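K.L.:
need a 3D model of the following:
(chains A and B)
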Amino acid sequence: MSLPGIPSHSHVNFKPNLYSILSNLVQRQPQQVYLYGDDGPLTYQQVDNIASKLGQALQREIDPQRPLLGISLSSNTAVLQLVWACLASGICLAFLPAISDSEQVAALMAQIGVELLITDVPELQQRPWAMAFTDLQQTVAAHDNDGVVTAVEPTTPAFLFQTSGTTGAAKWIQVTHGQFAAAIESMREMGCLDHAAAQTVYITPPLSHSYGLSSLLEYSAMGAAVVLPAAESTLGAVGDLLQGRYNEVITAVEGVPHFYAQMTRLLRRIKLPHLRHVGFGGGALDLAAVQQLQAVYPALSYSVRYGLTETPSVVSHKLFTPPYSENWHSSGKVLPIYTLRIVDEGGNSLPAGQVGEIHLQGVSLAWPYYGETAVTPFFATGDVGYMDADTQELHINGRQSAFLKVRGYRLSPDYLESIIGLCPGVAECRVSGTETGILAEVVPANAALLPQTVLTFLADKLPSYAIPETIHFVDMIPRTHSGKIKRH
Amino acid sequence: MEQLNEDQVTEKLLIVLSKHLKFTADPQTIPLDKPLDELGLDSMGAVNLLLDLEDSFAISFPGSLISEDTFRTAANLHKAVYSLV
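P.N.:
Residues are numbered from 1 along each chain as shown, chains lettered A, B, ... in the order given. Okay, here's the model as predicted:
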C-alpha cells in the first residue's frame, strides 16, 4: 500500500492502525457524544458511520494503486470527517491550503502526485481535479453503502503535511500510521495523556495543522469529546467562545499562545463554567495568560508541548497542576521514542545545562522530507534549548534563526517578549534587534501605559543588556496564519 | 461621552477600522460595502478590532452582535456601533 516515491519506515513495528482509536471507542461508548461541530453534536457511532461510508466513497473515486487524497477545507468539521474516512480506508491524506488561488493549489498537488482534491473553497470546486465536499457527501447518500474499515500496515502513509522547512523552501512531510500511533502510545505510557481522559476539548488550531491534528488524535485516544471552531467564523476560535455556542460543555482548551493572548483580553466576557484544563502548543507557555486565567479559574491544570511538524504528536510534554510547584519554563520530559542531542555550532554534543541547537532522531521522526534522502542521522530542528541537569527536562529558548545578537549577547526574543508581556498594560509585543540595540514594539492595552512604565517594570527582571533601548507603541503586531509573530 | 451623530460615528469608525486593515491605511478610501476580509481583516485582526471599537466608543458588543454579519463590511459595523453608542 505504500506510495511510489515515498520512503517507507519499515523500522516501525507498532501494529494497531490509527483508525482503531475511533473503532475501539465505538465499541466502548457508541452513544456518547464525540463531536460538537458545524452539524451539532454527533456520537462516536455516528462519526464512525460517516467516516467509514465516506472512506468507501473515496475508494470508488481514487486509483487503488495510488491511495492518495488532497483536501483543501475551511471547515474543521469536514476535515475531521475526512481524517477518519482516510484512516478507515487506508488512503493517505495530503493537507493543502484552503486558498482560492487554484494555480498554486494545482502546483502543490503536482509536487506529490495528488489527483483528487476534496474542497469547500468555491473557486477550487470548479476545477476538473476537484470535488466539492458536499458532492462527496451526496454520493455517500446515493449509494447507501455499509461502510468498511480497510486493514493497513504500520508503514502505510497516513498524512502528508506541507512545511516551510528550515531552509524556507516548501517541503512535504509524510507520517505513517505506525509513526503516529507509536508517538501517541508513547505519550500515553509516559502519563502525558492522563489529563485528556473524560474531557470535552475545544481544539482551536486548525485540524489541517500538525498541532490541531495531533490534539485531535491524542484526546480521541483517551475517549474525550471534541469541540471544533465554526467553519467561517470572522472572529475565529475566540469569536465562537464569545458567542457561547458550546461553552457549557467545554472542559479543556488547546491553543497557540496568541489564541490565549486574545482570549484573556476577553476573559470577563467568556464564560466557561466547566473549564478544567488549558493546553499550550505551537509556542512557549504564555505566563501572562496563565496569570490572568488563574485569576478567574484558580484550579486549572496546564500543559505545554514541544513538537514539530516533522514529529507527529510531541517530542516533549509537561503538565502543571495545583499547587504549581514545577518550573513554568520547562517543556517537560522527552518521549523515550526519541533520542535528543543538544549541539554547539560545530555540531558537538553539549552536556546538560548548556544551550545549543536541538537535534533529534527516533522512530516517529517523519524525516527526511518527501523525495529526499538523509545525509545525517540526526534531524537539525532549528530550535534552541537545553536539558536541565537535575530534572532531565527540556527547556526551549526559541528558534535559532530568531536569536538577537546585541552587544555580543545572544538573546531570545521569545523570552524577552514573555517578560515584557507580564507588564500590566502591555497587550502584545515584538522584540527585534537594531543597530542601536533592542527595539520593543508594544501594543498597549490602555491609554495610560507609558514607555517609562514598561522600562521600570523590566529593570529588576532582566539584565541591563537585555532591556530594550526603544519602546514603540504600535496598533498591532504582524502575525502568521498560525498566530506566530512575524520576524524579519 | 457626548452623544455622537451618525456622521461622527462613521468618521470615527473608519479611523479605528483603518488601523486593522492590512490593505487599506487611509480611512477616507475604505469602501463601505466591500467585504472586510478582502481589505485584509483576518480573524485575529477582527478580535483586536472588536476590542478597539469597544474602547474607542466606550461600548460593549453583546453576544448577539458578535457575528459574521456584523464584521462583514464597514457599513454593517457602522450599523452595529451606531446602535450601541
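K.L.:
point out where chain B drops to low pLDDT.
P.N.:
B:1-2, B:22-25 (pLDDT under 70).
K.L.:
just the helices in it please.
P.N.:
Assigned by DSSP state H, the helices in chain B fall at B:6-18, B:43-57, B:74-84.
K.L.:
out of those, flag the one nearest residue A:83.
P.N.:
Smallest distance to residue A:83 across the helices of chain B (CB to CB): 22.1 Å, for helix B:43-57. Where C-beta positions appear, they are placed from N, C-alpha and C, glycine not excepted.
K.L.:
wait, residue B:10 sits on residue B:78?
P.N.:
Yes. Residue B:10 is within contact range of residue B:78, at 5.8 Å (criterion: CB atoms under 8 Å).
K.L.:
buried stuff in stretch A:342-358?
P.N.:
Neighbour-count burial for stretch A:342-358 flags A:342, A:343, A:356, A:357, A:358 (criterion: 16 or more other CB atoms under 10 Å in any protein chain shown).
K.L.:
of these, which is the nearest to residue B:67?
P.N.:
residue A:358 (43.6 Å).
K.L.:
got the contact list for the closest one?
P.N.:
Counting by CB atoms under 8 Å, 6 or more residues apart in numbering or on different chains, residue A:358 touches A:340, A:341, A:342, A:381, A:383, A:384, A:385, A:394, A:396.
K.L.:
biggest separation within those, which pair?
P.N.:
A:341 and A:396 (14.8 Å).
K.L.:
which of these two has more residues huddled nearby?
P.N.:
residue A:396 (24 against 17; other CB atoms under 10 Å in any protein chain shown).
K.L.:
residues in a beta bridge with that one, which ones?
P.N.:
Bridge pairing for residue A:396 (DSSP bridges) gives the partners residue A:385.
K.L.:
near chain B, which residues of the stretch 1-150 of chain A are found?
P.N.:
Counting by CB under 8 Å from any CB of the partner chain, no position of the stretch 1-150 of chain A is adjacent to chain B.
K.L.:
residue boundaries of the helices in the stretch 1-150 of chain A?
P.N.:
All helices of the stretch 1-150 of chain A, identified by DSSP state H, counting those that start in this stretch, fall at A:19-28, A:44-61, A:76-89, A:102-112, A:122-125, A:133-143.
K.L.:
quick one: average pLDDT of the second one?
P.N.:
To tie it back to what came earlier, the one meant is helix A:44-61. In this model, helix A:44-61 has a mean pLDDT of 94.
K.L.:
likewise the last one?
P.N.:
Mean per-residue pLDDT for helix A:133-143: 90.
K.L.:
who touches it?
P.N.:
By CB under 8 Å, 6+ apart, helix A:133-143 touches A:50, A:53-54, A:56-58, A:60-61, A:73, A:75, A:78, A:82, A:118-120.
K.L.:
from chain B, which residue is nearest to chain A?
P.N.:
residue B:43 (3.0 Å; CB to the nearest CB).
K.L.:
quick one: pLDDT of the closest residue in space to that residue that isn't next to it in sequence?
P.N.:
Once flanking residues are discounted, residue B:43 sits nearest to residue A:236: 3.0 Å by CB to CB, 6 or more residues apart in numbering or on different chains. For residue A:236, the model assigns a pLDDT of 82.
K.L.:
before we move on, which element is residue A:431 in?
P.N.:
Using DSSP states H and E, residue A:431 sits within strand A:426-434.
K.L.:
tell me which strands and helices that strand is in contact with?
P.N.:
helix A:257-265, strand A:404-406, helix A:413-420, strand A:437-444 (3 or more CB pairs under 8 Å, 6 or more residues apart in numbering or on different chains; DSSP states H and E).
K.L.:
among the ones you listed, which is nearest residue A:317?
P.N.:
helix A:257-265 (16.3 Å).
K.L.:
close to chain B, is that closest one?
P.N.:
Yes. With CB under 8 Å from any CB as the criterion, chain B is reached by helix A:257-265 at A:258, A:262, A:265.
K.L.:
which of those residues has the weakest pLDDT?
P.N.:
residue A:258 (80).
K.L.:
what about that one, neighbour count?
P.N.:
Neighbours around residue A:258, by other CB under 10 Å: 23.
K.L.:
find the residue closest to it in space, skipping its chain neighbours.
P.N.:
Distance criterion CB to CB, 6+ apart; nearest residue to residue A:258, sequence neighbours excluded, is residue A:483 at 3.3 Å.
K.L.:
residue contacts, that neighbour?
P.N.:
A:256, A:257, A:258, A:259, A:282, A:283, B:44 are the contacts of residue A:483 under CB under 8 Å, 6+ apart.
K.L.:
what secondary structure does it sit in?
P.N.:
coil (DSSP: H, G, I helix; E, B strand; the rest coil).
K.L.:
returning to that earlier point: by neighbours, which of the contacts of residue A:483 wins?
P.N.:
residue A:259 (27 neighbours).
K.L.:
what residues are up against the residue of chain B closest to chain A?
P.N.:
Counting by CB under 8 Å, 6+ apart, residue B:43 has contacts A:233, A:234, A:235, A:236, A:237, A:238, A:239.
K.L.:
and if we set it to 7 Å?
P.N.:
With contact set as CB atoms under 7 Å, 6 or more residues apart in numbering or on different chains, residue B:43 has these partners: A:233, A:234, A:235, A:236, A:239.
K.L.:
can I get the helix or strand harbouring residue A:237 as PDB, trimmed to CA atoms?
P.N.:
If you go by DSSP H and E, residue A:237 is part of helix A:236-243. Extracted C-alpha coordinates of helix A:236-243, given in PDB (Å, rounded to 0.1, in the frame of the first residue of the first chain):
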ATOM      1  CA  GLY A 236     -12.000  32.900  14.700                       C
ATOM      2  CA  ALA A 237     -11.900  30.500  17.600                       C
ATOM      3  CA  VAL A 238     -12.200  33.300  20.200                       C
ATOM      4  CA  GLY A 239     -15.400  34.500  18.500                       C
ATOM      5  CA  ASP A 240     -17.000  31.100  19.000                       C
ATOM      6  CA  LEU A 241     -16.400  31.400  22.700                       C
ATOM      7  CA  LEU A 242     -17.900  34.900  22.700                       C
ATOM      8  CA  GLN A 243     -21.000  33.600  21.000                       C
END
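K.L.:
enumerate the residues of chain B near chain A.
P.N.:
B:19-20, B:43-44, B:46-48, B:50-51, B:63, B:66, B:68, B:71 (CB under 7 Å from any CB of the partner chain).
K.L.:
smallest gap between chain A and chain B, at which residue?
P.N.:
residue A:236 (3.0 Å).
K.L.:
run a quick neighbour tally on that residue.
P.N.:
Residue A:236, neighbours per other CB under 10 Å, totals 20.
K.L.:
hmm, residue B:44 and it touching each other?
P.N.:
Yes. Assessed by CB atoms under 7 Å, residue A:236 is found in contact with residue B:44 at 6.4 Å.
K.L.:
for the stretch 51-200 of chain A, give me the ranges with low pLDDT.
P.N.:
A:144-145, A:164-170.
K.L.:
hang on, the earlier thing: pick the most deeply packed of the helices of chain B.
P.N.:
helix B:43-57 (a mean of 20; mean count of other CB atoms under 10 Å in any protein chain shown).
K.L.:
what's the angle from it to strand A:437-444?
P.N.:
Calculated by axes from the mean of the first three to the mean of the last three CA atoms, to 10 degrees, helix B:43-57 forms an angle of 60 degrees with strand A:437-444.
K.L.:
before we move on, back to that, reformat the buried residues of stretch A:342-358 as TSV; add secondary structure, distance to residue A:276 and pLDDT.
P.N.:
What follows is these, written out as TSV (DSSP: H, G, I helix; E, B strand; the rest coil; distance: CB to CB, whole Å; pLDDT from 0 to 100):
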residue	secondary structure	distance to residue A:276	pLDDT
A:342	strand	34	97
A:343	strand	39	95
A:356	strand	37	94
A:357	strand	36	93
A:358	strand	31	96
